[in-house]
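Participant: Got a predicted structure plus its sequence, pasted below:
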Amino acid sequence: MAAALTATLPSSPAAASPINGGSTSHFLACPSRLRNGGGRLRVSTTDTAVSAEPAAPVKAAKVSKKQDEGVVTNKYRPKEPYVGRCLLNTRLTGDNAPGETWHMVFSTEGEIPYREGQSIGVIADGEDKNGKPHKLRLYSIASSAIGDFGDSKTVSLCVKRLVYTNDQGEIVKGVCSNFLCDLKPGSEVKITGPVGKEMLMPKDPNATIIMLATGTGIAPFRSFLWKMFFEEHEDYKFNGLAWLFLGVPTSDTLLYKEEFEKMTEIGGDNFRLDFAVSREQTNAAGEKMYIQTRMAEYKEELWEMLKKDNTYVYMCGLRGMEKGIDDIMIDLAAKDGIDWIDYKKQLKKAEQWNVEVY
Ligand SMILES: Cc1cc2nc3c(=O)[nH]c(=O)nc-3n(C[C@H](O)[C@H](O)[C@H](O)COP(=O)(O)OP(=O)(O)OC[C@H]3O[C@@H](n4cnc5c(N)ncnc54)[C@H](O)[C@@H]3O)c2cc1C
Ligand SMILES: NC(=O)c1ccc[n+]([C@@H]2O[C@H](COP(=O)([O-])OP(=O)(O)OC[C@H]3O[C@@H](n4cnc5c(N)ncnc54)[C@H](OP(=O)(O)O)[C@@H]3O)[C@@H](O)[C@H]2O)c1
């Protein structure tokens, strides 16, 4: 395990204060950019030379990230979960936001040895309508492997409170998300896992990593980005390009905005950040600004990146988001005589196209 420290932020996440208790001041930090419909915070000078080759680039064989012996899965199972404690639980979204999203930190005492990109299961207290314990729900881990306190003894989540109206007009609250969002510091929480290898980070510190998140799908990317820009590791120093696209409904729901803005200062040309605020921004054609709408502004550049062997795309959040992104790529690939769906299969095989949507 690499020695690591949280170099650029105070060791307490409360002090680091991405987590601002629902204040909307984070939006006021860059109002003109969002109001003008542009979310780009930093322009990089990455090489984007146009290739004239008509055929799909051939993918070089790589060592699979999934073969890494140090990656632990299923250490804790539902019959004998790890019982941690909630150390902190803070609302990320503003008072007028459509829905609530919370950031929470649980103690693990180092017993849940997770990697960036993995998930944990949570079993809510109580019983289901048949008198059985609730089934576990999965949550993407939002902290880097050393955790928000930098001591490898905590795990953090980013959870949206599920509340909806059913066909009978009744308000229904999701079992586990409400259990989590209501957790008070000191309360116990039953945890399983860690699980998942799809979203593990590429090993190459010089890679181009394109991260596509909708809503709480930001969780694994916060974990990646903390490792890249807020920590120092003996065996990892990121020197590639990390490019985050985050799609949310309103500026009040721009999760971890201050943290990412801090990263643009620290990361320089190594970090690019683009927001798509769907209910406040539109493109030139007046269409709703979804993540794929924002990506379309850079489509040629993105396509050139995707032809390279060391570009990795990660997508997390709403299930529906992948189709919109495919739609952009189909036309771009076709211009080069490449069938996007076939090429995407190659990218997936080479672990360059990683998707965890729900
Ligand atoms: C790999 C993975 C990672 C995940 N990571 C995260 C994460 O980081 N953060 C996060 O917040 N969530 C995450 N989720 C989702 C999470 O697992 C739960 O599904 C979510 O929190 C809802 O669980 P719940 O117990 O609150 O709701 P439940 O009590 O399980 O209720 C959910 C059910 O309610 C019904 N329902 C939901 N919405 C509606 C609607 N509008 N109309 C009618 N019926 C509806 C559906 O039947 C749905 O299955 C992840 C899921 C997966 C698979
Ligand atoms: N690993 C995982 O599998 C994982 C991890 C975390 C979360 N999740 C799940 O991901 C979902 C995220 O929900 P959330 O409530 O956190 O998000 P949210 O705050 O509602 O934000 C989602 C954003 O995506 C937009 N959107 C809607 N349809 C879209 C589409 N087809 N393509 C692109 N963008 C679209 C929404 O726009 P409008 O609302 O304005 O239309 C909104 O701006 C939840 O279902 C959560 O359970 C899954």
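Facilitator: Received it, and whenever you're ready, just let me know what you need. In this text the structure is predicted, and so the values were computed from the model without any measurement. Ligands and ions are numbered 1, 2, ... in the order given.

Participant: residue in the chain nearest to ligand 1?
Facilitator: Ligand 1 sits closest to G174 of the chain, with a gap of 2.2 Å, by C-beta to the nearest ligand atom. C-beta: built from backbone N, CA, C; applies to glycine.

Participant: Which pLDDT value belongs to that residue?
Facilitator: pLDDT, G174: 98.

Participant: I'd like to know how far it sits from Y139.
Facilitator: Using C-beta to C-beta, to the nearest Å, one gets 12 Å for the distance from G174 to Y139.

Participant: out of those two, which sits in the busier spot?
Facilitator: Legend: neighbour count by other C-beta atoms under 10 Å for G174 and Y139, higher for Y139 (23 against 17).

Participant: With E259 as the reference, measure out to the residue lying closest to that one once chain neighbours are set aside.
Facilitator: If you skip the residues right next to it in sequence, Y139 has L157 as its closest partner in space, 4.7 Å away by C-beta to C-beta, 6 or more residues apart in numbering. As for L157, its distance to E259 is 15 Å (criterion: C-beta to C-beta).

Participant: before we move on, what about Y298?
Facilitator: Spatial separation of Y298 from E259 under the definition C-beta to C-beta is 23 Å.

Participant: for Y139, same thing?
Facilitator: The spacing between Y139 and E259, counted by C-beta to C-beta, is 19 Å.

Participant: same question, P185
Facilitator: Using C-beta to C-beta, which is the criterion applied here, P185 is 21 Å from E259.

Participant: who has more neighbours, the two?
Facilitator: E259 (20 against 11).

Participant: interface residues of the stretch 101-250 of the chain facing ligand 2?
Facilitator: Counting by C-beta under 6 Å from any ligand atom, the residues of the stretch 101-250 of the chain close to ligand 2 are 140, 160, 214-217, 219, 247-249.

Participant: a markdown table for those residues, including distance to R294 and pLDDT?
Facilitator: What follows is those, written out as a markdown table (distance: C-beta to C-beta, whole Å; pLDDT from 0 to 100):
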| residue | distance to R294 | pLDDT |
| --- | --- | --- |
| S140 | 21 | 98 |
| K160 | 21 | 98 |
| T214 | 11 | 98 |
| G215 | 15 | 98 |
| T216 | 18 | 98 |
| G217 | 15 | 98 |
| A219 | 20 | 98 |
| G247 | 7 | 98 |
| V248 | 11 | 98 |
| P249 | 14 | 97 |
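
Participant: Could you work out the most separated pair of those?
Facilitator: By the measure C-beta to C-beta, those have their two most distant members at S140 and P249, which lie 19.2 Å apart.

Participant: Neighbour count: those two, which is higher?
Facilitator: When S140 and P249 are compared on other C-beta under 10 Å, the one with more neighbours turns out to be S140, at 26 against 18.
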